[in-house]
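S.K.: I'll drop the sequence and a predicted model, then ask my questions.
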Amino acid sequence: MSKHFTFSIKSIRFDENYQPSDSTRITTNFANLARGNSRQENLRNTLKMIDNRFNSLAHWDNPTGDRYAVELEIISVEMNMGAGSGSDVFPLIEILKPNIVDKQTGRRIDGIAGNNFSSYLRDYDFSVVLPAHNIDSSEFGTPTDFGDLHGKLFKHFLGSDTYKKWFAKPPVICISASSSKTYHQSGNRHPVLGAEYRQNELSPTDRYFEKMGMRVRFFMPPDSVAPLAFYFVGDLLGDYTDLELIGTISTMETFQKIYRPEIYNANSAAGSFFQPSLRNLDYSLTRIVYDREERGQLAVKQGKFTEENFIKPYKNVLEEWAADFAH
């Protein structure tokens, strides 16, 4: 079997008519929104929230607050482990890419790839490997090689011709700040990203992304109520335009208001010191239906799927490739 892993990309529009494909991870947050009786209303309301938030942040030369619209693409990345055989393909990751439409000029602007980040292999690491490692331990810990394979595969993808053909800039992943850490305002403020927060220590998720070659900074954008975690490769503040950053903020803040309303739709904003809590009762619900409990159950199932269909059958070739991998 060839050790030269290659990648292919598929793209589908995330709009009010979106229906998850059979190959989409069912724990993917946007797939969760697109199921059930409320699916079309869910999607329509989510997209409207994103547009409204984008226009509130991109307020210059935008007197009526409706100059911009955001179109979202779901990017699915498959990895080919063989020499072109379709049977040796595994769905590696799924990310989102916003495309910004300036309705005043008709111009289309590429947003930043990344945003939401979904990975079968990450489900395996966090839902199979980590619980097994801590089953007999009184103190939570991670294996020394935790996330090594995932990190190397991600770096390999970013360095691939496939990535460079599709995307002009490195990705930015934007997720919820960890509820196990505390954060304090640093005094640094960016016109679009807002107030920067620093944390007391790295979380397991931070260290996992570190293996992927990504650092983290935390910012609470204007009129937000809690800082978001931004994982990036180069210079978060220098590599991207204001509109590109706003595309990421408006997309992911909307999703976090739906998934983590206790934190991101709280009725009072984070202060100078902040610890996110899902036990907060002072928050508002959106009109969008989201099954958080189901998502947690499915993550375990999909971690076991990865173990059976990727880790076990390709164990030797993956270990050999990882040992040879040089970044």
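M.R.: Great, that's in hand.
S.K.: mind showing which ranges of the stretch 1-150 of the chain have poor pLDDT?
M.R.: Along the stretch 1-150 of the chain, segments meeting pLDDT under 70 span 1-3, 20-38, 83-87.
S.K.: Look at the residue most central in space within the chain and give its secondary structure.
M.R.: Taking C-alpha atoms, centre = their mean, the centroid of the chain lies closest to N116, which sits 2.4 Å from it. When classified by DSSP: H, G, I helix; E, B strand; the rest coil, N116 comes out as strand.
S.K.: name the helices or strands packed onto the helix or strand containing K155?
M.R.: K155 is part of helix 148-158, with elements assigned from DSSP states H and E. Helix 148-158 makes packing contacts with strand 68-80, strand 89-102, helix 120-124, helix 204-211, helix 315-324 when contacts are defined by 3 or more C-beta pairs under 8 Å, 6 or more residues apart in numbering; DSSP states H and E. The C-beta positions use only the backbone N, C-alpha and C, and glycine is treated the same way.
S.K.: What residues sit buried inside the longest one?
M.R.: For strand 89-102, burial by neighbour count (16 or more other C-beta atoms under 10 Å) applies to 89-98, 100-102.
S.K.: ok, now the last one?
M.R.: Buried positions in helix 315-324, judged by neighbour count with 16+ other C-beta under 10 Å: V317, L318, W321, A322.
S.K.: For M49, find the nearest of the helices and strands packed on helix 148-158.
M.R.: strand 68-80 (10.2 Å; C-beta to C-beta).
S.K.: so what's the closest residue to F7 other than its chain neighbours up against?
M.R.: What sits nearest to F7 in space, not counting adjacent residues and going by C-beta to C-beta, 6 or more residues apart in numbering, is T162, at 4.3 Å. By C-beta atoms under 8 Å, 6 or more residues apart in numbering, the contact set of T162 is T6, F7, S8, I9.
S.K.: Quick check: closest non-adjacent residue to the third one.
M.R.: Meaning S8. Nearest non-adjacent residue to S8, counting by C-beta to C-beta, 6+ apart: E78, 5.0 Å away.
S.K.: returning to that earlier point: in TSV, list the buried residues of strand 89-102 along with distance to R108.
M.R.: Below are the buried residues of strand 89-102 laid out as TSV (distance: C-beta to C-beta, whole Å):
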residue	distance to R108
V89	31
F90	32
P91	28
L92	28
I93	25
E94	23
I95	19
L96	17
K97	12
P98	11
I100	7
V101	6
D102	8
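S.K.: Specify which member of these is nearest to I173.
M.R.: I95 (7.8 Å).
S.K.: partners of the closest one in the sheet?
M.R.: Per DSSP bridges, the residues bridged to I95 are I75, F117.
S.K.: Can you tell me how far it is from M252?
M.R.: Distance from I95 to M252, counting by C-beta to C-beta, to the nearest Å: 12 Å.
S.K.: same check, this time on T6
M.R.: From T6 to M252 the distance is 29 Å (C-beta to C-beta).
S.K.: quick one, which of these two is more surrounded?
M.R.: With neighbours defined as other C-beta atoms under 10 Å, T6 and M252 compare such that M252 has more, 27 against 18.
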